[in-house]
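Engineer: Any chance you could fold what I've pasted below:
(chains A and B)
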Amino acid sequence: MRISCRRVLGTALAVAFGAAPWAATADYPERAVQFIVPFNAGGGTDVSQRTFNKYAEPLVGQSIVVVNKPGAGGTTGWAELVRARPDGYTLATVTVPQQIVPALAKPRQTGYKLDQLTNICVYAIVPDVLLVREESDWKTMADLVAHAKANPKKLKASNTGTLGADFMTTLYIEHAAGVEFTQVPFTGGSKALQAILAGNTDVMVASARYAVSQKGKLRTLGIATRQRFPLVEDIPTFVEQGYDVVSQRYRAIAGPPGLPQSVVEYWEGICKKVSDDPAFVAEMDKVGQPAGYLGTAETNEDVERITGVMQRLIDHYKLAE
Amino acid sequence: MWEAILGAVQVNLQWSHLLVVLIGTVAGTVIGALPGLSAVSGVALLLPFTFTMDPAQGLIMLAAVYMSAEYGGSISAILINTPGTSGAACTTLDGTPLTRQGYAQEALYTSLLAGGVGGVFGAAVLLFFTPPLAEASLLLGPAEIFWVAVAGLALVAGLSGRHTVKGLVGVSIGVGLTLVGQDAMSGDMRFTFDNFHLVGGIPIVPALLGLFAVATVLEMLERANDAVAPLVLRKGALRFVINKLARMKGLLLYTSAVGTGVGVIPGAGASISAFVAYAEAKRISKHPEEFGRGSYEGIAAPECANNAVVGGALVPLLALGIPGSGSAAIMFSALTVHGLLPGPRLFTERADIAYTFMVGLMVTVFAMLLFGLATIRWSSLVVKAPRRMMVPAVMVLSVIGTYGYANSLYDVAVLIAMGIVGYLLSKVDVPMVTVALGLVLGALVEESFQQSAIIGEVDVGSVWMYFLSRPLAVVLMLLAVGVTAVGVVQIVRMRRAPGDDEVVGVTAGRTGISLRAANIGLGVLLLGLAVFALSESRAMSDLGARFPILVSVVFIALAVLLLAVNLHPATGRSRAGVHPFRPVPWGNWCFVVVALVLMALGASWVGFYEAALVFLLVVAWKLDASSGSWRQRLRAAALFALGYDAIIYLAFKVVLEIPTPPGLLV
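Structural biologist: Below is the predicted model of the structure:
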């Protein structure tokens, strides 16, 4: 009896502490890799990560297991990620810029620091757009801005929660155009959409997906990319209309702090190969989350740029506690 | 249109379509019946399988899961007082009494057939009225949703029976719990204690599971009889139920309409429609006194409504691209995977798929009925399981159901905490269903009020002017006032009539604290919570502090009422002789609770299935009151633990692939 007890304890200790040195060997990965998706199963982020995994699995040669840990706009899942062992067997989907704002505005209640997330790559890029109702008189951003300047705080903008991604991009646009909307927060994209369709709000900033799906009911006045976007070629960018707003949602992959460089490079390579696969690109277009690749260096650079933008907005609108 | 429907009927009668409907129905019923796994989780679990199917087929399979999960949820609500889905919370009110009286089978037939009526109604509305209804759904903005939700909260009177004050306590505790976490309206962190888990708030599914499943099995410990309930398998039970339902045609039609209507509103789902239907059924019933004691109307109404929701929730999804519920949101994903974007263009560009799907929804109702009829006899046998097995089995199921929800130990902590709180509250007559009502409606009331306030201030200057400026909101406001008034009348009438749960003095034996002392304790607790909330609210923004202050004021009012009644010599004395905790077997109770906590903690060390095995063995052995030798009892417990753990493993790990903490062996 006593011996078996000791053996059980030994096994437990081996499992608890012995795993780290296996990481980053030449044979990586030797077993299944777990991906934390910090949003609900079946949601947009979940579907895009599962699509990515489908194309990555044959390249990796191991199964990729999605673990959904929804809560608090993704921050619960990222807090779990930075507490995971950096052995390359726990990674997560990060939706830029959603990981940035809570860490800057509510650092005490956010379970991670931005520099704890080891960014690896971006595999999908969904630009933000600004929508109004089709029957409204605003045909261009200039029309809307003129109206907003004449009626400060009178235009109502739907968003999906204060300090969320839509909220921040709306502020970004307000700041760039020198106007003030009244933001109305909703819990979830469907309620925000319902509000603008019903005329309870006037403006909505959301992902480019809506520019396609709500065509005919909602008019898209601008898209927050640098160049025109292939999915919606006819929609002018904010930049070409004279507003310096570049804001896109990235689906990125990140790991815990201290993730070995070899693991980062490994997944950067997988990411590149998957993003180059025309079948992957076609499937991501279908789910309304266009594929787009950024390597580790570019991802870090862009996250840094967006962090700077967000920090300026947070300071300007006094959003930090 | 008729041509499109006929074409769709032909497509739906193909064998391959019928097969996926059958798969979806079986999966949905089972997933719905499992505590913690709701319609949403069922649809999400089967979503990946639809990626390779033909789009209409994949959608129909998901619709079958959605439809039958709403029925499946009531199976566990009726048999073990644990709503498998939150839409079935109301069904426990009359389902459990009927089961305890030996009428489990009749209750299940009522739920199934009433659900069938609601399902057909909702599907028919979807098929014939989608475009006009979708337009109408846009009339429902925050102002209207606020008043619907307030009317929902006013139902507390109808749900709390004689214990009105305790019902109010329950509903305000429920609402209070929804305040925890980051407020979507203001961005404020409320009552989070700088803990990143609490930032996400109290998760509703684990909280409801705790309130019902864990609290119910803790209550089972009090009863001496070994089987959970007697079960009589009467011949002609089906005919008996059909006759019953035939006499409530009006009610079924009315609650179908309620369910479909609520389904159309974004954000309001099966649970709210069921609460509304239940309260309405009680209001218009000729026998309102039977409600809560095993009324067939009390089962038929919420069940009819929660299946009617399915059709309603899909109306704005198909026509506007707005999913009316969590399950509909996942079906949105399913459509987009096939390159179909729900929204105004779906009907014009891919009418074939839209019609095939809508006709298919009708088929799923019949599949649900057939599968239900074929299995009710067998599923009702669950109540014959002895207590020593039922207690650990339901607890293991709740824990794994909670993992299935978000894979988090924090959620398991919420489950256990809410189980203990719910049990203690129900001992002092706070009905658990009122806490559930507050949990479900709290966030909706707050956000719709805040949205109305923001919009109202911009548009017309104030929130009340905004309410008055919207005719439908005024109608709903009057409805909310009406519901409250009816509730008050019911309470007054019930106070006058002598009831069988009249306060009776019991003094024999070891008694523990009295109801009077417990009520005073509850009052002090509420006061303390209110003071704490008020002091915390000073650090919040005006917007974020509004509801915490409101809830604190309600807490204080209720606390004053409780303290006044119980400290007063005359009214306090009748409660001093009642000892609510007397029947609690504290030894077993503590043993089970500690074992549950150890299992949850142990799961992250040695793995979930390993910890569950030990838990099942130990609890089943401890609760075995038979006269056999300890060897025999240990063997029986071991057999049960191994068998049950294996079944759970197969179902959750192999078939559903729900991630659990990994272990030493599996």
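Engineer: Pull the number of nearby residues for residue B:570.
Structural biologist: Burial of residue B:570 is recorded as 7 neighbouring residues (other C-beta atoms under 10 Å in any protein chain shown). The C-beta positions use only the backbone N, C-alpha and C, and glycine is treated the same way.
Engineer: Dump the strand or helix carrying residue B:153 to PDB, keeping only the CA atoms.
Structural biologist: Under the assignment given by DSSP states H and E, the secondary-structure element containing residue B:153 is helix B:142-154. These are the backbone C-alpha positions of helix B:142-154, laid out as PDB (Å, rounded to 0.1, in the frame of the first residue of the first chain):
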ATOM      1  CA  PRO B 142     -35.100  49.100 -25.400                       C
ATOM      2  CA  ALA B 143     -38.200  50.900 -24.000                       C
ATOM      3  CA  GLU B 144     -40.500  48.000 -24.900                       C
ATOM      4  CA  ILE B 145     -38.000  45.300 -23.700                       C
ATOM      5  CA  PHE B 146     -37.700  47.200 -20.400                       C
ATOM      6  CA  TRP B 147     -41.400  47.000 -19.700                       C
ATOM      7  CA  VAL B 148     -41.600  43.300 -20.800                       C
ATOM      8  CA  ALA B 149     -38.800  42.600 -18.400                       C
ATOM      9  CA  VAL B 150     -40.500  44.600 -15.600                       C
ATOM     10  CA  ALA B 151     -43.700  42.700 -16.200                       C
ATOM     11  CA  GLY B 152     -41.500  39.500 -15.900                       C
ATOM     12  CA  LEU B 153     -40.100  40.600 -12.600                       C
ATOM     13  CA  ALA B 154     -43.700  41.400 -11.400                       C
END
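Engineer: Can you confirm whether it lies near chain A?
Structural biologist: Yes: Helix B:142-154 lies in contact with chain A when judged by C-beta under 8 Å from any C-beta of the partner chain; the contacting residues are residue B:142.
Engineer: Stretch B:606-614 too?
Structural biologist: Yes: Stretch B:606-614 reaches chain A (C-beta under 8 Å from any C-beta) through residue B:606.
Engineer: ok so, going back, quick check: buried residues in the helix holding residue B:153?
Structural biologist: Across helix B:142-154, burial judged by 16 or more other C-beta atoms under 10 Å in any protein chain shown covers B:142-154.
Engineer: I'd like these laid out as TSV, including pLDDT.
Structural biologist: Shown next, in TSV, are the buried residues of helix B:142-154 (pLDDT from 0 to 100):
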residue	pLDDT
B:142	90
B:143	92
B:144	89
B:145	85
B:146	91
B:147	89
B:148	82
B:149	84
B:150	87
B:151	82
B:152	80
B:153	84
B:154	81
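Engineer: How about the contacts made by the closest residue to residue B:131 other than its chain neighbours?
Structural biologist: Excluding the flanking residues, the one nearest residue B:131 by C-beta to C-beta, 6 or more residues apart in numbering or on different chains is residue B:319, at 5.9 Å. The contact partners of residue B:319, by C-beta atoms under 8 Å, 6 or more residues apart in numbering or on different chains, come to B:130-131, B:133-134, B:344, B:346-347.
Engineer: where does the stretch 1-150 of chain A have low pLDDT?
Structural biologist: Counting by pLDDT under 70, the stretch 1-150 of chain A contains low-confidence ranges at A:1-26.
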